[in-house]
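[1] model this:
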Amino acid sequence: MAVPMAFFGLFFGYPVVAIVARGLREDGRWDLTRAVEVLTDPLMLDVLGFTLGQAAASTALTLALALPGAYVFARLDFPGKRLLRAVVTVPFVLPTVVVGSAFLALLGRGGVLENAWGVRLDTSLWAILLAHVFFNYAVVVRTVGGLWAQLDPRQEEAARTLGASRPAAWLRVTLPALAPAVLAAALMVFLFTFTSFGVVQILGGSRYATLEVEIYRQTAQFLDLPTAAVLSCLQFAAVGVLLGVHAWTVRRRESALRLVDAARTARRPRGAGQWALLWSQLAVIAVLLLLPLAVLVERSLATPEGYGLLFYRELTAEPGTGSTFVVPAVEAVGNSLAYAAVATVIAVTVGGLAAAALTRRAGRLVRGFDALLMLPLGTSAVTVGFGFLIALDEPPLDLRSAWLLVPIAQALVGVPFVIRTMLPVLRAVDERLREAAAVLGASPLRAWREVDLPLVRRALAVAAGFAFAVSLGEFGATVFIARAGTPTLPVAVARLLGRAGELNYGQAMALSTILMLVCAAGLLALERARTHSSGEF
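    Down below sits the predicted model:
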C-alpha cells in the first residue's frame, strides 16, 4: 500500500489541497467568508442545480437505452459480437472534446441534422444528454452485462417451471440479483456526467455550465481562485458520497451471488421477441454510437474541393505565422503515444500494487484506501491540472517544466481502471495455491511470479490496454500542463476547435478520427485477450 499511497498523496492530494488552500486562505488564515458567498449566490446555485439535473437525466436515459443492450451482449450469441463489443466501448475511451466534436458535426451548424431537416440541437440540453448516452453506453453494457452473463439462467427457468410468467420470473429472480450491478452502473454514469466538462463546454455553449465547466471558467478565464476552490470542495464532497455508495454496491455484488461460466449462458436468439430485441439494439447502436463516429470521419474528408485527404495533409505542414501550433499538428500523435506508454507503465505499477494490497487485506482502512484510489475519476481534472502548476513549482518538486508531469496526470486517471480490472481476478486466485508454494520454500516474490502472474497475466494485459486508451484521451488536466511544443491529441483538437476557419475545423476532425482509430484498434486487441473475469470493464 505504501507506493500507491505515496503516489496519490504526492500527485493528487497535495495539488488538490494546495489549490484549495490558495483559494481559501488569506494572510495565513482560513477565510470561509468567500465560501458562504459562493454557496448562497443564486447563479452558483443554478449551476449546481443544472449539474445535478443533467446528471440525473443523463443517467436515466442511459439506463433506459443501454440495459436492453446489456441483455443482448450477455444472453444472446450472434456473429460479430466480439467486434461490436469493442465498437461500443470506443466512445467511452474517447476524449470528451472528440465526443463533443462528433456531436457538433452531427447536430450543430451545417451538421447532418440541419442539412437533412433544418434542425439544430447544439447549445441545447438534448445535445448534452445524447452525447452523455454515447459516452456512457459501454459503462452499463460492461458493468451490468458482465454480471448478467454469469447469472445461472436455470434459476429463472426454475421459477417459470413453478408457474411464474416470464416477466414475473425476471422481476423476482433476475432483477434482485442484478440490482447491485445496475446501481453501480447508475452511480458510475452519474459520476461521469456530474463531472462532465468537454461535452458541456462544446455543446452547451454559454447557456449551460456544470460545476466542472464553472471551475474552469473561474480558474482560467477570471483567475478567481477562491470561487473555484469553493466549487471544487463542493464537487469533491458530492463525489466522495457517490464513491462511498459505489464501493458498498461493489462489495455487495462480489459477496452475495454465485456465478457460472459466462460461455454457458449465451445462446442464439430464439423467437420473434429475441430477434426483435437484437435488431432494435443494433439500430440504437447504429444511430447513437456509430453515426456520430461516421460523421466525424466524413467531416475529416469533406474538403472545399470535394472529398479528399487535404485536412490530413495539412496536419503535416510546417506551421506558419499565426498558426495554432509551433510544430506540425501531426506531431501530437507521436506525443500522445509516447506519453500514454509512460502513463501506462506508471498506472500498471501503482494500480497493480494497490490491487494486490486490496486482495490480501480487509477492514475499514483498506476499504477507505479503495475509495481514495477511485477519487481521481470524480475530482475536477481542472483542479488537479491547475494544482500541478501551483504546487509542483519549487525544489525538490519543481516539475512544471518536466515532460514527466503529463504522464503522471494521465496515470492518475488510468490507475482506477487497472484496479477495477485486476481486483476481481486477483481475488479469484485460490489462497491455498500461494500457501502451497510457501510450504515448498518459495519466497513471497517467487510465489507471486509462479502462482499469481500466470493466472492474471491476461487481466494484466487488459488493464494495461485500458490504461493506455484512457491516458491517450485524458484532457482536463493535460490542457493545463502540456507544453506548446509537445501537445497531445486531445489538446490539439481543442486548440483547433477554438480557432475559426474551415481548415482548422477540418484538421480537428482529422485528428479526432486518428485518435478514434487508434482507440478502436487497441480495444479490438483487448477483446482478443479479454477473459470473462477480467473485471467490470
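[2] C-alpha only now, for contacts and for neighbours.
    Noted.
[3] Next up, the contacts around Phe475.
    When contacts are counted by C-alpha atoms under 8 Å, 6 or more residues apart in numbering, Phe475 touches 95-97, 490-491.
[4] Quick check: pLDDT value at it.
    With respect to pLDDT, Phe475 scores 76.
[5] Distance check, it against Phe311.
    Note on Phe475: its distance to Phe311, by C-alpha to C-alpha, to the nearest Å, is 23 Å.
[6] still on that earlier bit, among the contacts of Phe475, which ones are in helices?
    Members of these lying in helices (criterion: DSSP state H): 96-97, 490-491.
[7] all strands in the stretch 301-450 of the chain, in order from the N-terminus.
    Read by DSSP state E, counting those that start in this stretch, the stretch 301-450 of the chain holds these strands, from start to end of the chain: 302-303, 306-307.
[8] Save these as JSON lines, and put in mean neighbour count, distance to Leu231 and mean pLDDT too.
    Listed next are the strands of the stretch 301-450 of the chain as JSON lines, based on neighbours: other C-alpha atoms under 10 Å; distance: least, C-alpha to C-alpha, whole Å; pLDDT from 0 to 100:
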{"stretch": "strand 302-303", "mean neighbour count": "16", "distance to Leu231": "41", "mean pLDDT": "88"}
{"stretch": "strand 306-307", "mean neighbour count": "10", "distance to Leu231": "46", "mean pLDDT": "88"}
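[9] Reformat these as TSV; add distance to Trp248.
    Shown next, in TSV, are the strands of the stretch 301-450 of the chain (distance: least, C-alpha to C-alpha, whole Å):
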stretch	distance to Trp248
strand 302-303	49
strand 306-307	52
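[10] Nearest to Ile514, out of those strands?
    Proximity to Ile514, assessed across the strands of the stretch 301-450 of the chain by C-alpha to C-alpha, is greatest for strand 302-303 (15.4 Å).
[11] mind listing what that closest one pairs with, with the direction of each?
    strand 306-307 (antiparallel) (DSSP bridges).
[12] How far off centre is the partner strand?
    Centre-to-centre, strand 306-307 and its host chain are 34 Å apart (C-alpha atoms, centre = their mean, to the nearest Å).
[13] Where does the prediction get shaky in the stretch 51-200 of the chain?
    In the prediction, the stretch 51-200 of the chain carries no residues with pLDDT under 70.
[14] which residues touch the closest residue to Val333 other than its chain neighbours?
    Distance criterion C-alpha to C-alpha, 6 or more residues apart in numbering; nearest residue to Val333, sequence neighbours excluded, is Leu489 at 6.0 Å. Applying C-alpha under 8 Å, 6+ apart, one finds that Leu489 lies in contact with 332-333, 335-336, 472-473, 511-512, 515.
[15] of those, the lowest pLDDT goes to which?
    Minimum confidence in those sits at Gly473, scoring 78.
[16] show me the contacts for that one.
    Gly473 neighbours (C-alpha under 8 Å, 6+ apart): 93-96, 489-490.
[17] so where's the stretch 301-450 of the chain uncertain?
    320-324, 326, 360-364, 366-367, 378.
[18] need the strands for the chain, in chain order.
    Using DSSP state E, the strands of the chain run over 25-26, 29-30, 302-303, 306-307.
[19] Surely Ala510 touches Tyr312?
    Yes - assessed by C-alpha atoms under 8 Å, Ala510 is found in contact with Tyr312 at 6.0 Å.
[20] follow-up on the earlier one: closest to Ala74 out of the strands of the stretch 301-450 of the chain?
    strand 302-303 (38.6 Å).
[21] Among the contacts of Gly473, which pair sits farthest apart?
    Maximum distance among these (C-alpha to C-alpha): 13.2 Å, for Val93 and Leu489.
[22] So which of the contacts of Leu489 belong to helices?
    Reading helices off these with DSSP H, I get 332-333, 335-336, 472-473, 511-512, 515.
[23] and which of the residues you listed is nearest Arg400?
    Set against Arg400, the nearest of those by C-alpha to C-alpha is Asn335 (17.3 Å).
[24] Spit out the contact partners of that closest one.
    486-489 are the contacts of Asn335 under C-alpha under 8 Å, 6+ apart.
[25] one more time with 10 Å, if that's ok
    For Asn335, the contacting residues are 341, 472, 485-489, by C-alpha atoms under 10 Å, 6 or more residues apart in numbering.
[26] max-length helix in the protein?
    Longest helix in the chain, counting residues (DSSP H): helix 42-75.
[27] quick one: buried residues of it?
    Across helix 42-75, burial judged by 16 or more other C-alpha atoms under 10 Å covers 44, 47-48, 50-52, 54-56, 58-63, 65-75.
[28] quick revisit: do you know which of the strands of the stretch 301-450 of the chain lies nearest Asp393?
    Of all those, strand 302-303 comes closest under C-alpha to C-alpha, at 44.4 Å.
[29] Distance from the closest one to the middle of the chain?
    Centroid displacement of strand 302-303 relative to its chain, using C-alpha atoms, centre = their mean, is 31 Å.
[30] which outside residues touch it?
    Contacts of strand 302-303 (C-alpha under 10 Å, 6+ apart): 308-311, 502-503, 506, 509.
[31] I'd like to know which of those residues is nearest to Met422.
    Out of these, the member with the shortest distance to Met422 (by C-alpha to C-alpha) is Met509, at 34.7 Å.
[32] Which parts of the chain belong to which domain?
    Using automatic domain parsing, the domain ranges for the chain come out as 1-31+309-537, 45-302.
[33] The last one spans what distance, first to last residue?
    With C-alpha to C-alpha as the measure, domain 45-302 spans 43 Å from end to end.
[34] Give me the distance between that domain and the centre of its chain.
    11 Å.
[35] about what we covered before: save the domains of the chain as TSV, and put in distance to Glu37 too.
    Shown next, in TSV, are these (distance: least, C-alpha to C-alpha, whole Å):
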stretch	distance to Glu37
domain 1-31+309-537	11
domain 45-302	9
